[in-house]
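Asker: What follows is a predicted protein model with its sequence.
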Amino acid sequence: MNKKQLVGKIAASMNQSKADAERTFDGITDIILNCLKSDEQVKIAGFGTYKVAKRKARVGRNPRTGEQIQIAASQKVKFLPAKALKEMFNK
């Protein structure tokens, strides 16, 4: 499912226009992104938690040459599904 299809389903389920549903969706995603940028967790009950995970710099290896390379520190977004969501798929 892509954004357009998701917005269409939101509009249909909430009896809104697609434009209103898209503004609502964009507003929610902006709030989530801003929270993650400021290192806050976003917990959605029954769905899961989004949080930023920090990875330390480390030494890696080029698989072709075997040469050691330095991998820079980075950040990534992690999603941890809620217990109810996990149980839905692991019955």
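Answerer: Happy to help now that I have it.
Asker: Packing partners of the longest helix along the chain?
Answerer: The residue-count maximum for a helix in the chain (DSSP state H) belongs to helix 18-37. If you count contacts as 3 or more Cβ pairs under 8 Å, 6 or more residues apart in numbering; DSSP states H and E, helix 18-37 packs onto helix 3-14, strand 42-44, strand 48-55. Quick note: C-beta positions are derived from backbone N, CA and C, even for glycine.
Asker: Quick one: these as CSV, columns for mean pLDDT too.
Answerer: Output for the helices and strands packed on helix 18-37, formatted as CSV (pLDDT from 0 to 100):
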stretch, mean pLDDT
helix 3-14, 95
strand 42-44, 96
strand 48-55, 96
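Asker: What's opposite L80 in the beta bridge?
Answerer: T49 (DSSP bridges).
Asker: what sits against it?
Answerer: For L80, the contact set (Cβ atoms under 8 Å, 6 or more residues apart in numbering) comprises G48, T49, K51.
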